[in-house]
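Q: requesting a structural model of the entry that follows:
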Amino acid sequence: MSKVKINKLPKSEIEIEGEIEAPVFENYWSRALKILGEKVEIDGFRKGKAPEAVLISKIGDMRILEEMAELALSEYYPKILEEEKIDAIGRPEIAITKLARNNPLSFKIKTSVLPEIQLGDYKNTAKKIISKVTREEKEVGVTEEEIEQTIMDIRKSRAPKKHVTENVESHEHKEKAKSSEAGSPDASNEAFREELPEMNDEFVQALGPFKDIADFKAKLKDNIKLEKENSLKEKTRLKIVEKIMDESKIDVPELLINTEVDKILYKMESDISQMGLKFEDYLKHLNKTIEDLKKDFRGDGEKKAKLALILNKIAEVEKIVADEEALEKEIAHILEH
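A: Prediction:
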């Protein structure tokens, strides 16, 4: 390698300009010819057994030179990254600028790189936000009304929907016929409640490992309390993350933004397919194209990519590594699905 020049581009991209010296590049001729010769059928010869002159006349110099360039760069590109300490991501865009026998191979390679990240004082940021959580917010309580409402939601979810609809419609006819009973309790609610499963020991035992109603309510109260605590933690985490992102300086690579946008679109298409709908029909309903959606989700994609890079950087600084066993299990789970 005689020359390598690194040019920084916007959006965490670089361009590598370089050349491989003529004698080094020429060494790839026989290898390239052998590889191509094994793929070409020539009358009167078995594959890979034709004389060199016959192969060259059949394949042509330019095709051999192209194979030489591919072989050379597949070996030299990783060396360039290592020697220049370049953290490249994604597939490189390679342009050959000079390609001829007994000449240096000149090229330009454009690739995205992991950006430089200037983290803010994330530890102090986290402490400040956590300190603003009030005592009242931390002391999570559960009211009887919340317990009863949750129980009602559970009973409604197990009510036979068809019967409920019929009863509500029946009530509407009765209400017209008995307008004098306007002062009585809401008959539509009464009709709905009549269809709800009875709240008794047998009902709660069918829901899970509960002894009786009292045991169910006690555990339900604990679960509601835990959900509230987790919700508070999640809100606090989101505030911390948002603040750290605001305080960090990072030029997010376009490649990573596009990758996150593609993930969002894939998830959307998967969800719609599971509902039994065609994604193309869904787009027509929205009156949008894939490109429209990509533009719509670009902000979310950039945010996700930025967060991933920042968390990765914090993990690097704090020397946080994944448990190997847990990692293997997660990989196995992903492959299984």
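
Q: would you mark the buried spots in the longest helix seen in the chain?
A: Longest helix in the chain, counting residues (DSSP state H): helix 213-247. Within helix 213-247, the residues that count as buried by 16 or more other Cβ atoms under 10 Å are 213, 216-217, 220-221, 224, 236, 239-241, 243-245. (Glycine included, C-beta is placed from N, CA and C.)

Q: which residue is nearest the centroid of the protein?
A: The structure's the chain has its C-alpha centroid closest to Lys263; by Cα atoms, centre = their mean the separation is 4.7 Å.

Q: what's near enough to touch that residue?
A: For Lys263, the contact set (Cβ atoms under 8 Å, 6 or more residues apart in numbering) comprises 301, 304.

Q: low pLDDT regions in the stretch 151-300 of the chain?
A: 161-194 (pLDDT under 70).

Q: just say helix, strand or coil for the residue nearest to the centre of the chain.
A: helix (DSSP: H, G, I helix; E, B strand; the rest coil).

Q: do Asn7 as well
A: strand.

Q: Met245 touches Ile310, doesn't it?
A: Yes: at 6.4 Å, Met245 counts as touching Ile310 under the criterion of Cβ atoms under 8 Å.

Q: just to revisit the earlier point, what's the first helix or strand after the longest helix of the chain?
A: strand 249-250 (DSSP states H and E).

Q: which residue sits closest to Thr293, ignoring its sequence neighbours?
A: Careful, residue 293 is Leu; it's not Thr. Leu265 (6.1 Å; Cβ to Cβ, 6 or more residues apart in numbering).

Q: Provide a list of residues in contact with Glu52.
A: So Glu52 contacts Leu33 (Cβ under 8 Å, 6+ apart).

Q: all helices for the stretch 151-300 of the chain, in order.
A: Taking DSSP state H, counting those that start in this stretch, the helices of the stretch 151-300 of the chain run over residues 161-177, 187-195, 201-207, 213-247, 254-274, 279-286, 290-296, 298-317.

Q: turn these into a markdown table, columns for distance to Ile80.
A: Converted to a markdown table, the helices of the stretch 151-300 of the chain look like this (distance: least, Cβ to Cβ, whole Å):
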| stretch | distance to Ile80 |
| --- | --- |
| helix 161-177 | 65 |
| helix 187-195 | 71 |
| helix 201-207 | 63 |
| helix 213-247 | 33 |
| helix 254-274 | 19 |
| helix 279-286 | 41 |
| helix 290-296 | 32 |
| helix 298-317 | 23 |
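
Q: list the buried residues of the strand or helix carrying Tyr77.
A: Taking DSSP H and E as the definition, Tyr77 sits inside helix 61-83. Under the neighbour-count criterion of 16+ other Cβ under 10 Å, helix 61-83 has 64-65, 67-69, 71-73, 76-77, 80-81 buried.

Q: tabulate those (TSV), appending distance to Ser273.
A: Putting these into TSV (distance: Cβ to Cβ, whole Å) gives the following:
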residue	distance to Ser273
Ile64	47
Leu65	47
Glu67	42
Met68	46
Ala69	42
Leu71	42
Ala72	44
Leu73	40
Tyr76	44
Tyr77	39
Ile80	43
Leu81	39
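
Q: for these, work out which two are farthest apart.
A: Of all pairs drawn from the buried residues of helix 61-83, the widest gap by Cβ to Cβ lies between Ile64 and Leu81 and measures 26.7 Å.

Q: give me the pLDDT for the nearest residue to Phe25 once chain neighbours are set aside.
A: The shortest distance from Phe25 to any residue other than its chain neighbours is 4.5 Å, reached at Leu105 (Cβ to Cβ, 6+ apart). What the model reports for Leu105 is a pLDDT of 95.

Q: pull the helix holding Tyr77 out as PDB, backbone CA atoms only.
A: Extracted C-alpha coordinates of helix 61-83, given in PDB (Å, rounded to 0.1, in the frame of the first residue of the first chain):
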ATOM      1  CA  ASP A  61      -8.600  -8.500 -19.900                       C
ATOM      2  CA  MET A  62     -11.200  -6.100 -18.300                       C
ATOM      3  CA  ARG A  63     -13.200  -8.800 -16.600                       C
ATOM      4  CA  ILE A  64      -9.900 -10.300 -15.200                       C
ATOM      5  CA  LEU A  65      -8.900  -6.800 -14.000                       C
ATOM      6  CA  GLU A  66     -12.200  -6.400 -12.300                       C
ATOM      7  CA  GLU A  67     -11.800  -9.700 -10.500                       C
ATOM      8  CA  MET A  68      -8.300  -8.700  -9.500                       C
ATOM      9  CA  ALA A  69      -9.600  -5.400  -8.000                       C
ATOM     10  CA  GLU A  70     -12.300  -7.300  -6.000                       C
ATOM     11  CA  LEU A  71      -9.700  -9.700  -4.600                       C
ATOM     12  CA  ALA A  72      -7.200  -7.000  -3.800                       C
ATOM     13  CA  LEU A  73      -9.700  -4.700  -2.000                       C
ATOM     14  CA  SER A  74     -11.400  -7.600  -0.100                       C
ATOM     15  CA  GLU A  75      -7.900  -8.100   1.500                       C
ATOM     16  CA  TYR A  76      -6.700  -4.600   1.800                       C
ATOM     17  CA  TYR A  77      -9.900  -2.900   3.000                       C
ATOM     18  CA  PRO A  78      -9.900  -4.600   6.400                       C
ATOM     19  CA  LYS A  79      -6.100  -3.800   6.700                       C
ATOM     20  CA  ILE A  80      -6.800  -0.100   6.000                       C
ATOM     21  CA  LEU A  81      -9.500   0.000   8.700                       C
ATOM     22  CA  GLU A  82      -7.200  -1.600  11.200                       C
ATOM     23  CA  GLU A  83      -4.200   0.500  10.400                       C
END
